[in-house]
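Asker: Here is a sequence together with a model predicted from it:
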There are 2 protein chains.
Amino acid sequence: MARIAIFVACFLLSASPAWAQAKSSIEKLNAEWMAAFNKGDAKALAAMYTPDAYVLPAGAEMAKGHNAIEKFWGGAVKQLGDAKLTTVDVQSLGPGAAREIGTFSFKTKAQPPEQITGKYVVVWRKMGGQWQLATDIWNMNK
Amino acid sequence: MARIAIFVACFLLSASPAWAQAKSSIEKLNAEWMAAFNKGDAKALAAMYTPDAYVLPAGAEMAKGHNAIEKFWGGAVKQLGDAKLTTVDVQSLGPGAAREIGTFSFKTKAQPPEQITGKYVVVWRKMGGQWQLATDIWNMNK
């Protein structure tokens, strides 16, 4: 029993700080992502992705790599604003990878503005000490 | 230079077989997934997911865990058949995790049957030596 308790304690001590750090890094990066989106800065958005990242948009073909991703978000920021991302769950997949599930809302720039809501999955990878979006996909509930 | 070459060779020797194995395991499991779907066996489909897996369907709320996932696929198999999954890219995220991107097609069971196509992301995890779907999300291109 004592051995198990020590093992569990060591596991928690070793795993938790890195884990909490990954989650808080991701939430901080999501705040940066929203700020870039709401400024219409597609270049800054694209730079948050790994060089070989995939974006799989609801209603459009997948985009791979910084240029294609910048082009995709460049189109989206013209039509949408008021981006809100809410993290629902982050699962560690090892020291350099995590899977995030979240919900989103945007407002269309058309008049009257319409709210678009849905859910997303992001696979994050730590590249050179920095968490980056490696795979980004979403859909709507209706 | 020699050191780098040895390092690269060791890396390739150590990483490639496990890596090819993960990809071929995933493709084999996708064949099982399609067979279960086409038989309408939602219980077998659900059993292919980790106990805490998330399914994030296009057009419906997310489902978590075997019971909710079985219920979701139980509804889907009544309306859809002729499932086809095609793996586009598999990325290793560590020894026990991989991210798959693919495309899918289904045919509606309504008359005349309509084809539904789209793309998906699955995060696979190796649990007790067996690869299982841990996160499953998809959307349509149009």
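Answerer: Sure, I can see it. Residues are numbered from 1 along each chain as shown, chains lettered A, B, ... in the order given.
Asker: From now on I want contacts and neighbour counts done on CA atoms only, so please keep to that.
Answerer: Will do.
Asker: can you list the residues of chain A near chain B?
Answerer: A:56-61, A:93-94, A:96-97, A:99, A:119, A:121, A:123, A:137-142 (Cα under 8 Å from any Cα of the partner chain).
Asker: From those residues, list just the buried residues.
Answerer: Among the residues of chain A next to chain B, those buried by neighbour count (16 or more other Cα atoms under 10 Å in any protein chain shown) are A:56-58, A:93, A:96-97, A:99, A:119, A:121, A:123, A:137-140.
Asker: taking those residues one by one, which sit in strands?
Answerer: Among these, the ones falling in strands (DSSP state E) are A:56, A:97, A:99, A:119, A:121, A:123, A:137, A:138, A:139.
Asker: shaky segments in chain A?
Answerer: Counting by pLDDT under 70, chain A shows low-confidence ranges at A:1-19.
Asker: hey, where'd the strands end up in it?
Answerer: A:49-56, A:63-64, A:80-92, A:97-108, A:115-127, A:130-139.
Asker: will you turn those strands into a markdown table that also has distance to residue B:127?
Answerer: What follows is the strands of chain A, written out as a markdown table (distance: least, Cα to Cα, whole Å):
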| stretch | distance to residue B:127 |
| --- | --- |
| strand A:49-56 | 26 |
| strand A:63-64 | 30 |
| strand A:80-92 | 14 |
| strand A:97-108 | 16 |
| strand A:115-127 | 19 |
| strand A:130-139 | 22 |
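Asker: These: which one's closest to residue A:40?
Answerer: In terms of Cα to Cα, the element of the strands of chain A nearest to residue A:40 is strand A:80-92, at 8.1 Å.
Asker: Return the list of helices and strands in contact with that closest one.
Answerer: Under the contact criterion of 3 or more Cα pairs under 8 Å, 6 or more residues apart in numbering or on different chains; DSSP states H and E, strand A:80-92 touches helix A:2-39, strand A:97-108.
Asker: what about 10 Å?
Answerer: helix A:2-39, strand A:97-108, strand A:115-127 (3 or more Cα pairs under 10 Å, 6 or more residues apart in numbering or on different chains; DSSP states H and E).
Asker: Out of the ones you listed, which is closest to residue B:115?
Answerer: Ranking the helices and strands packed on strand A:80-92 by proximity to residue B:115 (Cα to Cα) places strand A:115-127 first, at 23.7 Å.
Asker: Can you name the residues that contact the most centrally placed residue in chain A?
Answerer: Centroid check for chain A by Cα atoms, centre = their mean gives residue A:122 as the closest residue, at 4.8 Å. Residues in contact with residue A:122, defined by Cα atoms under 10 Å, 6 or more residues apart in numbering or on different chains, are A:54-55, A:90, A:98-102, A:132-138, B:121.
Asker: likewise residue A:135?
Answerer: Going by Cα under 10 Å, 6+ apart, the list of residues near residue A:135 reads A:49-50, A:52-56, A:64, A:99, A:121-125, B:99-101, B:121.
Asker: ok, now residue A:66?
Answerer: Counting by Cα under 10 Å, 6+ apart, residue A:66 makes contact with A:43, A:45-55, A:72.
Asker: Equivalent analysis for residue A:106, please.
Answerer: Residue A:106 touches A:38, A:79-85, A:113-118, counting by Cα under 10 Å, 6+ apart.
Asker: repeat that for 6 Å
Answerer: Neighbouring residues of residue A:106 by Cα atoms under 6 Å, 6 or more residues apart in numbering or on different chains: A:81, A:82, A:83, A:115, A:116.
Asker: Look at the nearest residue to residue A:34 once chain neighbours are set aside and say how many residues are nearby.
Answerer: In space, residue A:34 comes closest to residue A:83 once its chain neighbours are excluded; the distance is 5.6 Å by Cα to Cα, 6 or more residues apart in numbering or on different chains. Residue A:83: 20 surrounding residues under other Cα atoms under 10 Å in any protein chain shown.
Asker: And residue A:83, how far from chain B?
Answerer: Separation of residue A:83 from chain B (Cα to the nearest Cα, to the nearest Å): 20 Å.
Asker: same deal with residue A:27?
Answerer: 20 Å.
Asker: bridging residues for the residue nearest to that residue when sequence neighbours are not counted?
Answerer: The shortest distance from residue A:27 to any non-neighbouring residue, by Cα to Cα, 6+ apart, is to residue A:87 (7.2 Å). Residues in a beta bridge with residue A:87, per DSSP bridges, are residue A:102.
Asker: Also the one 5 residues further on?
Answerer: According to DSSP bridges, the residues that bridge with residue A:92 are residue A:98.
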